[in-house]
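here are the coordinates; sequence isn't available:
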Ligand SMILES: [Zn+2]
């Protein structure tokens, strides 16, 4: 049958939305070429704060100027190890406040990459309880989740008028598993990822194999696992489980070096050694999940964790890995190449 061109079925258009430049990452001080990221710690906070407690009970926080000066000093010491970039997954629920981070970034020779997203292990924050999908039944139709527009706006337009753009998305799943709230945030994160190309970091609880639940939901949303860090993967020593996730394409965050309450330095480090031996250096990133100040811990608790600080990876972990046969090439892969690839928007949506 003859077909006139104007009668041809429409060619499906690839929905690209705002296409993030492939080789550029937004940082607090502006865009940086991925080739310039250098050694990158993929999960470090500057501050972790409970915003409404801090607003009303700021006694422990004390002087803003002193906290900023302390952060500048700690991050300057980190930069002296050769680290060029930190990736800070502080989002709603963790007290993100970009003007303070800008003030610090201006004084340190380090790229700080900031995030958008929402941190919860169970329910969505009350702000979202009666917005978006929560209204589906009431209105008898699907209501879009306002979280998606908030996340996309942070990535495309900048955060709260600061001009600083988020470069990645963050959500969480913990022991509670895939609760309705956790799933809602994860799907909103996936949709913002598809609209912008910004990669994703998920706080996971590998002891209960939550990576598999992440795989199911993000897979269902069409997310490429190579653009997803499964954070806190290094909390387990189950290398068979980690190998399974690496083989599925995920990036594994061996990112809590120094938090040795339920595990040990050697257990964390030996897991990385064994994963390297199995050929998975290309699937791991290293970090500490440290901060200059976290209000989740009473003063003094930090004394129980003497290795939990920004330079532990370079002071202690890398020498240990080298001693166990991890090569310089594998270390570069984990600290430089994997972070760079994660931020490069190779997919098309
Ligand atoms: Zn963290």
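Perfect, thanks for sending it. Note that this is a predicted model, so its numbers are computed, not measured.

any idea which element the residue nearest the centre of the chain lies in?
The centroid of the chain falls nearest to residue 201 when counting by C-alpha atoms, centre = their mean (3.5 Å). Using DSSP states H and E, residue 201 falls within strand 200-203.

quick check: mean pLDDT of that strand?
Per-residue pLDDT over strand 200-203 has a mean of 98.

give me the distance from the helix or strand just after it to the chain's centre.
Downstream of strand 200-203, the first helix or strand assigned by DSSP H and E is helix 210-220. Chain-centre distance of helix 210-220: 16 Å, with C-alpha atoms, centre = their mean, to the nearest Å.

in helix 210-220, what's buried?
By 16 or more other C-beta atoms under 10 Å, the buried positions in helix 210-220 come out as 210, 211, 213, 214, 215, 217, 218. Any C-beta I mention is one placed from the backbone N, CA and C, and that applies to glycine too.

quick one: which helix or strand includes residue 170?
strand 168-172.

what does that strand rub up against?
87, 89, 91, 113, 115-121, 151, 155, 182, 185-186, 188-189, 192-193, 198-204, 343 (C-beta atoms under 8 Å, 6 or more residues apart in numbering).

tell me the mean pLDDT for whichever helix or strand comes after it?
Using DSSP H and E, the next helix or strand after strand 168-172 towards the C-terminus is helix 180-196. Helix 180-196 shows a mean pLDDT of 97 in the predicted model.

and helix 180-196, what does it pack onto?
strand 111-117, helix 146-156, strand 168-172, strand 200-203, helix 210-220 (3 or more C-beta pairs under 8 Å, 6 or more residues apart in numbering; DSSP states H and E).

so what strands line up beside the third one?
Just to be clear, that refers to strand 168-172. strand 111-117 (parallel), strand 200-203 (parallel) (DSSP bridges).

now those in CSV, with distance to residue 223?
Shown next, in CSV, are the strands paired with strand 168-172 (distance: least, C-beta to C-beta, whole Å):
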stretch, distance to residue 223
strand 111-117, 14
strand 200-203, 7
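
so which of the ones you listed gets nearest residue 145?
strand 111-117 (12.7 Å; C-beta to C-beta).

distance from the chain centre to the closest one, please.
8 Å.

now do the helix or strand just after it: everything it contacts.
Where DSSP H and E defines the elements, the next helix or strand beyond strand 111-117 is helix 136-139. If you take C-beta under 8 Å, 6+ apart as the criterion, helix 136-139 is touched by 142, 143.

so how far is helix 136-139 from its chain's centroid?
33 Å.

check stretch 173-183 too.
With C-alpha atoms, centre = their mean, you get 17 Å for stretch 173-183.

could you work out the end-to-end span of that stretch for me?
9 Å (C-alpha to C-alpha, to the nearest Å).

quick revisit: dump the helices and strands packed on helix 180-196 to TSV, plus distance to residue 101.
Supplementary listing: these in TSV, determined by distance: least, C-beta to C-beta, whole Å:
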stretch	distance to residue 101
strand 111-117	6
helix 146-156	13
strand 168-172	15
strand 200-203	17
helix 210-220	27
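
which stretches of the stretch 201-349 of the chain have low pLDDT?
346-349 (pLDDT under 70).

now the helices for it?
With DSSP state H, counting those that start in this stretch as the criterion, the stretch 201-349 of the chain has helices at 210-220, 239-247, 265-277, 312, 318-323, 328-332, 338-343.

ok so, going back, of all the helices and strands packed on helix 180-196, which one is nearest residue 131?
It's helix 146-156; of these, that one is closest to residue 131 (C-beta to C-beta) at 5.3 Å.
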